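Participant: coords please:
(2 chains)
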Amino acid sequence: MRQLLIAISVLLASSAPAQADATLVSDISSHRIGITSSYTGTELLLFGALGEGGGDVVIVVRGPDQDLTVRRKGRVGGVWLNTDAVSFRGVPGFYAIAANRPLSEIAGERILRRNGIGMASMRFAGETSTPDTPDVFADAIRRRRQANGLYRSDEGAVTVIYDRLFRATIPFPANVPVGNYSAQIYLFQDGQVVVGETKPIIIDKSGIERAIFIFSRRQPALYGIFAVIVACLAGWGAAQFFRKR
Amino acid sequence: MQIYLPIAEMPVNILLLIGMGAGIGFLSGIFGVGGGFLMTPLLIFMGIPAAVAVATQANQIVAASVSGAIGHWRRKNVDIQMGLVLLAGGLVGSFCGSLIFAWMKSLGQVDLMIRLSYVVFLGIIGSLMFVESARALLRQRRGAPRRRMRQHYWVHGLPFKMRFRRSKLYISALPPLGVGFVVGLLAAIMGVGGGFVMVPAMIYLLGMPTAVVVGTSLFQITFVTAAVTIMHSINTQTVDVLLALLLLPGSVIGAQIGSRVGVNLKAEQLRFLLAAMVLAVCIKLGIDLFLTPDDLYSLSIGGAG
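Facilitator: Numbering: from 1, shown residues only, chains lettered A, B, ... in the order given. So this is what the prediction gives:
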């Protein structure tokens, strides 16, 4: 916390004279998350300072867009199996909102929606393969992803101190997709967006994780042969090792 | 202690994996079976995607059977001709199996297919073993002699006869090809070595001498599961090397201990226990198919195929 305040004061001192108009200065504790073999989820700290007049801070972190298939189970002869499927394009792989108070108190729904803020503002373009109601399937995306922590809305995660400094921690669960993320930080005053900033975040597999994953996708045949050789060596080696005792 | 699996894309506890490897290894040591048909359901129960569990298990079986195969090879307990014929069938079977697997995956039904095939196979094998071992236990009490298997079958009337020197057999190549094919299919779809199908088939259907049965089946299993590993790597990219490696040490140690413990136990009682366990896993998998899921909807990344 102390370090953070020092960092912010340095930030303020250096940037305030240059950008006299700016009413929002922000940064992230790290712009890169490496998924290593010990990765079980992490948190990023977003912090910054507001200009004169304070205001409300809303942070939206979006993950890479994905094509997604939502399947619905139905009962066929007593057994539950996937019966209907709807494909969606451009579904965010991660979506987290943090604000300093409930969104409904910060701004009107139309303004929020126009800026892509709020779980309901996410529109999923569904390619319906069964002409059912795709809304049910889109709702399932929100529900499932909220359940496993990939979508979350925490209206209270942003702490504003002295009307000038703010901080928020955004949790990234173990199952985050890799790719390019963006953190958008909005400053609201009187229900209107005053300033918006976008910061990039990259989540990438690193270390042996990354090596294995990339190998398996780029050279699948070689990867398979590699897997067999590794298994042969390990199996033979282990047998030799344990035979002696 | 958690570790993130690169292909399954989830964190798991290392100690749990090693423990599971040891537990299944111990059982496979006691009963003298590969543990694939118990390990794959356990991985699925753990939350590992069924497709990853199957493909990775094939890889793990390569590791678990290679040293046994080498040992039997050295002791000349492998009928190479028979092994090659079984292998030829196995390669065709695993190729078909991996195509079916990839096709079902694109339909979103691979989970169902894996679970259903497990329920059917574990159900059949479990009940056969259960009945057989119950009979054996009863017979033991009465002290009646064991029945000899018949020596001649319809098998001997088929064309394409081949001479298998090591097994001292002159039979058609079709039955071993067929057996190999089925085993390859099972390896690709269920991630099992298939020893539990192949060994009885070799003894009773082909009439091979028991001395070469285990070595020859290990020979075939090693190559078929290796082929399955490569095919799944290419078609569905579901082989997790890290997961396979983590399961290995436990299973090797467990098997060593298990085989020592197994010597002191009675074979009929062992088979009875194994049958009960197989049936328990089968029932658990079966019930899951019929229970109403918590959420009817599931997501998978990528468009519908």
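
Participant: CA atoms only for the helix or strand hosting A:A234, dumped as CSV, please.
Facilitator: Element membership for A:A234, per DSSP states H and E: helix A:220-243. Provided in CSV are the C-alpha atoms of helix A:220-243 (Å, rounded to 0.1, in the frame of the first residue of the first chain):
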residue,chain,number,x,y,z
PRO,A,220,0.9,-32.3,-33.7
ALA,A,221,2.5,-35.3,-35.4
LEU,A,222,6.0,-34.6,-33.9
TYR,A,223,4.3,-34.0,-30.6
GLY,A,224,2.7,-37.4,-30.7
ILE,A,225,6.0,-39.1,-31.5
PHE,A,226,7.6,-37.0,-28.7
ALA,A,227,4.9,-38.2,-26.3
VAL,A,228,5.6,-41.8,-27.2
ILE,A,229,9.3,-41.5,-26.8
VAL,A,230,9.0,-39.7,-23.5
ALA,A,231,6.6,-42.4,-22.3
CYS,A,232,9.0,-45.2,-23.4
LEU,A,233,12.0,-43.7,-21.7
ALA,A,234,10.1,-42.9,-18.6
GLY,A,235,8.5,-46.3,-18.4
TRP,A,236,11.7,-48.2,-19.1
GLY,A,237,13.7,-45.9,-16.7
ALA,A,238,11.2,-46.3,-13.9
ALA,A,239,11.1,-50.1,-14.3
GLN,A,240,15.0,-50.2,-14.2
PHE,A,241,15.0,-48.0,-11.1
PHE,A,242,12.5,-49.9,-9.1
ARG,A,243,13.7,-53.4,-10.1
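
Participant: Please see if that helix touches chain B.
Facilitator: Yes: judged by C-beta under 8 Å from any C-beta of the partner chain, helix A:220-243 comes into contact with chain B at A:220-221, A:223-228, A:230-232, A:234-236, A:238-240, A:242. Any C-beta I mention is one placed from the backbone N, CA and C, and that applies to glycine too.

Participant: go on, stretch A:85-93?
Facilitator: Yes: using C-beta under 8 Å from any C-beta, stretch A:85-93 reaches chain B at A:A85, A:S87, A:R89.

Participant: Mind picking the one among those that's closest to B:T292?
Facilitator: Ranked by distance to B:T292 (C-beta to C-beta), the residues of stretch A:85-93 next to chain B are led by A:A85 at 19.4 Å.

Participant: Isn't that closest one up against B:G108?
Facilitator: Yes: in this structure, A:A85 is within contact of B:G108 by C-beta atoms under 8 Å, at 6.1 Å.

Participant: Tell me how many other residues surround A:I203.
Facilitator: By other C-beta atoms under 10 Å in any protein chain shown, the residues close to A:I203 number 23.

Participant: Doesn't it lie inside a helix?
Facilitator: No: applying DSSP: H, G, I helix; E, B strand; the rest coil, one finds A:I203 to be strand, outside a helix.

Participant: which residues touch it?
Facilitator: A:R32, A:I33, A:I35, A:G63, A:F172, A:V176, A:P177, A:V178, A:G179, A:Y181 (C-beta atoms under 8 Å, 6 or more residues apart in numbering or on different chains).

Participant: which residue sits closest to the fifth one, ignoring its sequence neighbours?
Facilitator: When the adjacent residues along the chain are set aside, A:F172 lies closest to A:T42, with 5.2 Å between them (C-beta to C-beta, 6 or more residues apart in numbering or on different chains).

Participant: What's the separation between that neighbour and chain B?
Facilitator: 12 Å (C-beta to the nearest C-beta, to the nearest Å).

Participant: Provide the count of other residues in contact range of that residue.
Facilitator: 16.

Participant: how about it, phi and psi?
Facilitator: phi -150, psi 180 (degrees, to the nearest 10).

Participant: Give me the contact list for the helix holding A:A234.
Facilitator: A:215-216, B:59-60, B:62-68, B:70-71, B:226, B:229-234, B:237, B:239, B:241, B:244-245, B:248-249, B:252-253, B:256.

Participant: go with 7 Å
Facilitator: A:215-216, B:59-60, B:62-64, B:66-67, B:70, B:226, B:229-230, B:233-234, B:237, B:239, B:241, B:244-245, B:248-249, B:252-253, B:256 (C-beta atoms under 7 Å, 6 or more residues apart in numbering or on different chains).
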